[in-house]
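[1] The sequence and its predicted three-dimensional model are supplied below.
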Amino acid sequence: DGGITQSPKYLFRKEGQNVTLSCEQNLNHDAMYWYRQDPGQGLRLIYYSQIVNDFQKGDIAEGYSVSREKKESFPLTVTSAQKNPTAFYLCASSPSGTGRYEQYFGPGTRLTVT
Amino acid sequence: DQQVKQNSPSLSVQEGRISILNCDYTNSMFDYFLWYKKYPAEGPTFLISISSIKDKNEDGRFTVFLNKSAKHLSLHIVPSQPGDSAVYFCAASASLRGAQKLVFGQGTRLTINP
(Lines give C-alpha, C1' and ligand atoms only; values in the text may rest on other atoms or scores of the structure.)
Protein backbone atom coordinates (compact mmCIF):
# COMPACT_ATOMS: atom_id res chain seq x y z
CA ASP A 1 0.00 0.00 0.00
CA GLY A 2 1.39 3.40 -0.94
CA GLY A 3 1.50 6.03 1.73
CA ILE A 4 3.39 8.17 4.20
CA THR A 5 4.60 6.83 7.51
CA GLN A 6 5.68 8.86 10.49
CA SER A 7 7.22 7.40 13.57
CA PRO A 8 6.80 7.34 16.43
CA LYS A 9 3.19 8.44 16.97
CA TYR A 10 3.98 9.86 20.41
CA LEU A 11 7.36 11.17 21.53
CA PHE A 12 8.45 12.57 24.88
CA ARG A 13 11.67 14.48 25.45
CA LYS A 14 13.32 16.54 28.13
CA GLU A 15 13.94 20.20 27.49
CA GLY A 16 17.38 20.83 25.99
CA GLN A 17 17.50 17.62 23.99
CA ASN A 18 17.42 17.43 20.21
CA VAL A 19 14.91 14.99 18.74
CA THR A 20 14.46 13.65 15.22
CA LEU A 21 11.07 12.81 13.72
CA SER A 22 10.94 10.30 10.93
CA CYS A 23 8.97 10.63 7.68
CA GLU A 24 9.02 8.05 4.88
CA GLN A 25 6.94 7.89 1.70
CA ASN A 26 6.62 5.24 -1.01
CA LEU A 27 4.42 7.30 -3.33
CA ASN A 28 7.37 8.28 -5.52
CA HIS A 29 6.59 11.94 -4.83
CA ASP A 30 9.28 14.51 -5.47
CA ALA A 31 8.19 17.15 -2.95
CA MET A 32 7.98 16.68 0.81
CA TYR A 33 6.88 19.05 3.55
CA TRP A 34 6.86 19.42 7.33
CA TYR A 35 4.09 21.25 9.19
CA ARG A 36 3.26 21.77 12.81
CA GLN A 37 -0.22 22.11 14.23
CA ASP A 38 -1.02 23.82 17.51
CA PRO A 39 -4.44 23.80 19.22
CA GLY A 40 -6.91 26.13 17.50
CA GLN A 41 -4.51 26.90 14.70
CA GLY A 42 -4.06 25.76 11.16
CA LEU A 43 -1.03 23.95 9.86
CA ARG A 44 2.12 26.04 9.57
CA LEU A 45 4.93 25.17 7.16
CA ILE A 46 8.33 24.46 8.74
CA TYR A 47 10.45 23.19 5.82
CA TYR A 48 9.89 21.79 2.37
CA SER A 49 11.96 19.95 -0.21
CA GLN A 50 11.31 19.68 -3.93
CA ILE A 51 14.14 17.34 -4.74
CA VAL A 52 16.85 15.21 -3.12
CA ASN A 53 19.64 17.20 -1.46
CA ASP A 54 17.66 20.43 -1.64
CA PHE A 55 15.30 21.99 0.91
CA GLN A 56 13.92 25.40 1.77
CA LYS A 57 12.74 27.14 4.92
CA GLY A 58 9.03 27.60 5.41
CA ASP A 59 7.29 30.15 7.62
CA ILE A 60 8.53 28.89 11.01
CA ALA A 61 11.90 27.22 10.39
CA GLU A 62 13.74 28.63 13.42
CA GLY A 63 14.86 25.88 15.77
CA TYR A 64 14.36 23.11 13.22
CA SER A 65 16.60 21.35 10.72
CA VAL A 66 15.99 18.81 7.95
CA SER A 67 17.84 16.63 5.47
CA ARG A 68 16.80 15.04 2.18
CA GLU A 69 19.40 12.40 1.31
CA LYS A 70 16.87 10.04 -0.25
CA LYS A 71 13.70 10.71 -2.22
CA GLU A 72 11.68 8.58 0.19
CA SER A 73 12.86 10.17 3.43
CA PHE A 74 12.63 13.64 4.96
CA PRO A 75 13.53 13.60 8.67
CA LEU A 76 12.93 16.65 10.86
CA THR A 77 15.14 17.50 13.83
CA VAL A 78 13.66 19.64 16.56
CA THR A 79 16.63 21.30 18.22
CA SER A 80 16.96 22.71 21.71
CA ALA A 81 16.81 26.17 20.11
CA GLN A 82 13.10 25.71 19.33
CA LYS A 83 11.38 27.73 22.06
CA ASN A 84 8.04 25.96 22.04
CA PRO A 85 8.54 22.49 20.58
CA THR A 86 5.48 20.73 22.03
CA ALA A 87 3.10 20.30 19.09
CA PHE A 88 1.62 17.87 16.58
CA TYR A 89 3.99 17.45 13.62
CA LEU A 90 2.75 16.45 10.18
CA CYS A 91 4.73 15.34 7.18
CA ALA A 92 3.29 15.57 3.67
CA SER A 93 4.32 14.83 0.11
CA SER A 94 3.09 15.83 -3.32
CA PRO A 95 3.85 14.84 -6.90
CA SER A 96 5.58 17.34 -9.14
CA GLY A 97 4.19 18.68 -12.38
CA THR A 98 1.68 21.32 -13.28
CA GLY A 99 -1.81 20.93 -11.96
CA ARG A 100 -0.76 18.73 -9.07
CA TYR A 101 -1.71 20.69 -5.98
CA GLU A 102 -2.83 18.08 -3.47
CA GLN A 103 -0.52 17.23 -0.63
CA TYR A 104 -0.87 13.87 1.08
CA PHE A 105 -0.30 13.70 4.79
CA GLY A 106 1.11 11.14 7.17
CA PRO A 107 -0.57 10.26 10.50
CA GLY A 108 1.51 12.74 12.49
CA THR A 109 3.80 12.64 15.53
CA ARG A 110 2.78 14.29 18.79
CA LEU A 111 5.90 15.64 20.49
CA THR A 112 5.80 16.60 24.15
CA VAL A 113 8.80 18.35 25.67
CA THR A 114 8.93 18.82 29.44
CA ASP B 1 -1.01 38.15 8.83
CA GLN B 2 -3.64 35.47 8.39
CA GLN B 3 -4.02 35.02 4.65
CA VAL B 4 -6.64 32.27 4.95
CA LYS B 5 -9.35 32.56 7.60
CA GLN B 6 -12.07 30.28 8.82
CA ASN B 7 -14.07 32.50 11.13
CA SER B 8 -16.28 29.80 12.63
CA PRO B 9 -14.32 27.56 15.01
CA SER B 10 -17.25 25.17 15.28
CA LEU B 11 -20.50 24.23 13.58
CA SER B 12 -23.26 21.88 14.66
CA VAL B 13 -25.70 20.41 12.11
CA GLN B 14 -28.53 17.91 12.26
CA GLU B 15 -27.98 14.62 10.42
CA GLY B 16 -29.48 14.76 6.93
CA ARG B 17 -29.31 18.55 6.69
CA ILE B 18 -26.81 20.65 4.77
CA SER B 19 -23.48 21.65 6.33
CA ILE B 20 -21.89 24.84 5.01
CA LEU B 21 -18.31 25.65 5.96
CA ASN B 22 -16.85 29.00 5.01
CA CYS B 23 -13.39 30.31 4.26
CA ASP B 24 -12.05 33.75 3.33
CA TYR B 25 -8.68 34.65 1.86
CA THR B 26 -6.79 37.86 1.22
CA ASN B 27 -4.11 37.02 -1.37
CA SER B 28 -5.21 37.37 -4.99
CA MET B 29 -2.24 35.26 -6.11
CA PHE B 30 -3.78 32.06 -4.78
CA ASP B 31 -4.62 29.92 -7.79
CA TYR B 32 -6.03 26.75 -6.25
CA PHE B 33 -8.10 25.98 -3.19
CA LEU B 34 -8.49 22.74 -1.27
CA TRP B 35 -10.52 21.33 1.58
CA TYR B 36 -9.09 18.79 3.99
CA LYS B 37 -10.84 16.73 6.65
CA LYS B 38 -9.05 15.82 9.86
CA TYR B 39 -9.86 13.42 12.68
CA PRO B 40 -8.13 13.82 16.08
CA ALA B 41 -4.54 12.51 16.21
CA GLU B 42 -4.54 11.76 12.48
CA GLY B 43 -3.18 13.53 9.41
CA PRO B 44 -5.56 15.56 7.22
CA THR B 45 -7.09 13.78 4.25
CA PHE B 46 -7.78 15.57 1.00
CA LEU B 47 -11.46 16.07 0.29
CA ILE B 48 -12.09 18.30 -2.71
CA SER B 49 -10.44 21.16 -4.57
CA ILE B 50 -11.20 23.95 -7.03
CA SER B 51 -9.15 25.93 -9.48
CA SER B 52 -9.36 29.71 -9.39
CA ILE B 53 -10.72 29.68 -12.95
CA LYS B 54 -13.86 27.84 -11.83
CA ASP B 55 -16.66 28.77 -9.46
CA LYS B 56 -17.99 25.35 -8.54
CA ASN B 57 -16.75 21.79 -8.20
CA GLU B 58 -18.87 18.87 -7.11
CA ASP B 59 -17.94 15.39 -5.91
CA GLY B 60 -20.76 13.29 -4.55
CA ARG B 61 -22.11 14.87 -1.37
CA PHE B 62 -19.41 17.56 -1.40
CA THR B 63 -19.52 20.79 -3.39
CA VAL B 64 -17.05 23.65 -3.20
CA PHE B 65 -18.04 27.13 -4.34
CA LEU B 66 -15.57 29.90 -5.11
CA ASN B 67 -16.45 33.61 -5.24
CA LYS B 68 -13.27 35.32 -6.42
CA SER B 69 -14.63 38.85 -6.22
CA ALA B 70 -15.46 38.33 -2.56
CA LYS B 71 -12.34 36.17 -1.97
CA HIS B 72 -14.59 33.59 -0.37
CA LEU B 73 -15.05 29.86 -0.71
CA SER B 74 -17.43 27.47 0.90
CA LEU B 75 -17.84 23.73 1.27
CA HIS B 76 -21.35 22.26 1.18
CA ILE B 77 -22.01 18.78 2.48
CA VAL B 78 -25.43 17.37 1.76
CA PRO B 79 -26.86 15.31 3.25
CA SER B 80 -24.67 15.47 6.36
CA GLN B 81 -23.80 12.15 7.99
CA PRO B 82 -22.40 11.32 11.45
CA GLY B 83 -19.11 10.25 9.88
CA ASP B 84 -18.66 13.79 8.61
CA SER B 85 -17.95 14.96 12.17
CA ALA B 86 -14.34 16.17 12.02
CA VAL B 87 -12.26 19.32 11.73
CA TYR B 88 -12.27 20.82 8.25
CA PHE B 89 -9.40 22.95 6.96
CA CYS B 90 -9.47 25.06 3.87
CA ALA B 91 -6.15 25.68 2.17
CA ALA B 92 -5.01 27.97 -0.61
CA SER B 93 -2.15 27.24 -2.97
CA ALA B 94 0.49 29.58 -4.30
CA SER B 95 3.64 28.80 -6.26
CA LEU B 96 6.79 29.04 -4.19
CA ARG B 97 10.06 28.54 -6.09
CA GLY B 98 8.43 25.83 -8.21
CA ALA B 99 6.74 24.12 -5.27
CA GLN B 100 3.11 24.50 -4.37
CA LYS B 101 2.88 26.08 -0.93
CA LEU B 102 -0.35 25.52 0.93
CA VAL B 103 -1.61 28.14 3.38
CA PHE B 104 -4.15 26.73 5.82
CA GLY B 105 -7.03 28.27 7.71
CA GLN B 106 -7.48 27.61 11.43
CA GLY B 107 -10.07 24.90 10.91
CA THR B 108 -13.78 24.47 11.70
CA ARG B 109 -14.96 21.63 13.92
CA LEU B 110 -18.11 20.14 12.39
CA THR B 111 -20.40 18.07 14.60
CA ILE B 112 -23.26 16.13 13.03
CA ASN B 113 -26.02 15.39 15.52
CA PRO B 114 -28.22 12.31 15.07
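    Thanks, I have it.
[2] so who does the closest residue to residue A:15 other than its chain neighbours touch?
    Excluding its sequence neighbours, the residue lying closest to residue A:15 (Cβ to Cβ, 6 or more residues apart in numbering or on different chains) is residue A:113, at 5.7 Å. In this view, the C-beta of every residue, glycine as well, is placed from N, C-alpha and C. Applying Cβ atoms under 8 Å, 6 or more residues apart in numbering or on different chains, one finds that residue A:113 lies in contact with A:12, A:13, A:14, A:15, A:17, A:19, A:78, A:85, A:86.
[3] Buried ones among those?
    A:13, A:19, A:78, A:85, A:86 (16 or more other Cβ atoms under 10 Å in any protein chain shown).
[4] For those, which two are the farthest from each other?
    Largest separation among the buried ones among the contacts of residue A:113 by Cβ to Cβ: A:19 and A:86, giving 11.2 Å.
[5] picking up where we left off before, which of the contacts of residue A:113 fall in strands?
    Using DSSP state E, the members of the contacts of residue A:113 that fall within strands are A:12, A:13, A:19, A:78.
[6] What is the nearest of these to residue B:64?
    Out of the ones in strands among the contacts of residue A:113, the member with the shortest distance to residue B:64 (by Cβ to Cβ) is residue A:78, at 34.8 Å.
[7] what's across from that closest one in the sheet?
    For residue A:78, the beta-bridge partners are residue A:19, residue A:64 (DSSP bridges).
[8] okay, it: pLDDT?
    With respect to pLDDT, residue A:78 scores 96.
[9] what do you get for residue B:106?
    pLDDT, read off for residue B:106, is 94.
[10] Now it: which helix or strand?
    Here residue B:106, judged by DSSP states H and E, is contained in no helix and no strand.
[11] Ramachandran angles for the residue nearest to it when sequence neighbours are not counted?
    Computed as Cβ to Cβ, 6+ apart, the closest residue to residue B:106 that is not its neighbour in sequence is residue A:42, at 4.8 Å. Main-chain dihedrals, residue A:42, degrees, to the nearest 10: phi -80, psi -180.
[12] Name the surrounding residues that touch the helix or strand bottoming out on mean pLDDT in chain B.
    None of the helices or strands of chain B scores lower by mean pLDDT, DSSP states H and E than strand B:99-104, at a mean of 84. Residues outside strand B:99-104 that contact it (Cβ under 8 Å, 6+ apart): A:31, A:35, A:42-45, A:48, A:50, A:56, A:58, A:94, A:100-101, A:103, B:3-4, B:25, B:27, B:30, B:32, B:34, B:36, B:89-95.
[13] Buried ones only from those, please, as a ChimeraX command.
    Selection of buried members from these for ChimeraX, criterion 16+ other Cβ under 10 Å:
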select /A:31,35,42,43,44,45,48,50,56,58,94,101,103 /B:4,25,30,32,34,36,89,90,91,92,93
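[14] Narrow the contacts of strand B:99-104 to those in strands?
    Short answer: the contacts of strand B:99-104 in strands (DSSP E) are A:31, A:35, A:43-45, A:48, A:50, A:56, A:94, B:4, B:25, B:32, B:34, B:36, B:89-95.
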